[in-house]
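**Student:** after the sequence you'll find the predicted model.
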Amino acid sequence: MVMSGKSAWRKNNWREIVHTWERFLAIIAIIALGSGFYSGLKITKSAMVGSMGSYIAEQNMYDYRLLSSLGLTEDDEEFFNGLDGITAEGAMSLDFIAALNNDTELVLKAHSITDSVNKLHLRAGRMPAAANECVLDYRMFGEKSIGSVARLSSDNDEDTMEAFAYDEYTVVGVANSVNYLNYDRGTTKLSGGSINGFIYIPPEGFTMEYFTELLIDIESDIKAYTDEYDDLIADNKEQIKTFLEERAELRRQEIVDEAMAKLE
């Protein structure tokens, strides 16, 4: 009996599989692994964006961070809070050299604790109840740092030392901050050039007479990492920049007036 070409092709293929079944299974496994890997890559981005968006929304991360070389005041905070759909909160931050429990000195970024914008994600311990208590970087120092003391090093310059109300702060908790979404803690002009971690202190733990930054949150249900969010930020950028320049001019004139009054 003469077999058709199609039947012969099937028979030859089946014979090939039977005699090389290990290779056949290996090929099937490689195909399955590749398909699973590709499917995972397809959904990873959306999953990561969704998780990050939820975290940012929960901690109420700022939409704009306003800076001024002359500093910002409570009047500036009140002005921006008076704008429709905007929540503004002043904050203080600076780099300093510290020692934990008299160990090797390291560079920390000190932030004032805010209430409504850039909320901390407490991982262990508690939030500070006194001005000389603090919350430390969870990723860099962990729970073991709770109970330790962060002391200002004598290597800090006079202006830095005067910016703090105390020479040492007791660590009562560790937390994550939306200011630091990865392990990079930034650079500094201080020793070593790199920041080793962050520390959050109540506003009363600083002696500054002005804010170093103003955190702006735009009230919106639009999710981060979307085209709609990018449009929202772009649409409000120029107006906020104009307001900031106007407030900076008022601040400059206030400083000039104070200086003239002292001269007179």
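**Tutor:** Here it is on my side, so go on.
**Student:** the protein: helices as residue ranges?
**Tutor:** Taking DSSP state H as the test, the helices found in the chain are 5-19, 21-59, 74-81, 138-141, 158-163, 227-263.
**Student:** closest to residue 103 out of those?
**Tutor:** Across the helices of the chain, residue 103 has its closest neighbour in helix 138-141 (11.1 Å, Cβ to Cβ). Yep, even glycine has a C-beta here, placed from its N, CA and C like the rest.
**Student:** buried ones in the closest one, by neighbour count?
**Tutor:** By 16 or more other Cβ atoms under 10 Å, the buried positions in helix 138-141 come out as 138, 139, 140, 141.
**Student:** count the neighbours of residue 78 for me.
**Tutor:** Neighbourhood size, residue 78 [other Cβ atoms under 10 Å]: 11.
**Student:** which helix or strand in this structure has the lowest average pLDDT?
**Tutor:** helix 5-19 (a mean of 63; mean pLDDT, DSSP states H and E).
**Student:** quick check on residue 177: phi, psi?
**Tutor:** Phi and psi for residue 177, reported as degrees, to the nearest 10, are phi -130, psi 140.
**Student:** please tell me how far it sits from residue 49.
**Tutor:** 20 Å (Cβ to Cβ, to the nearest Å).
**Student:** what do you get for residue 263?
**Tutor:** 57 Å.
**Student:** now the closest residue to residue 152 other than its chain neighbours. Its backbone dihedrals?
**Tutor:** Nearest non-adjacent residue to residue 152, counting by Cβ to Cβ, 6 or more residues apart in numbering: residue 167, 5.2 Å away. Per-residue torsions, residue 167: phi -90, psi -20 (degrees, to the nearest 10).
**Student:** so residue 167 makes contact with residue 154?
**Tutor:** No: between residue 167 and residue 154 there is no contact under Cβ atoms under 8 Å: 9.6 Å.
**Student:** of residue 177 and residue 49, which one has the most company?
**Tutor:** residue 177 (20 against 14).
**Student:** I'd say residue 80 and residue 74 touch.
**Tutor:** No: Residue 80 sits out of contact with residue 74 when judged by Cβ under 8 Å, with a separation of 11.1 Å.
**Student:** who has more neighbours out of those two?
**Tutor:** Using other Cβ under 10 Å as the criterion, residue 80 and residue 74 rank with residue 80 on top: 22 against 10.
**Student:** for residue 201, the count of nearby residues, please.
**Tutor:** Residue 201: 24 neighbours (other Cβ under 10 Å).
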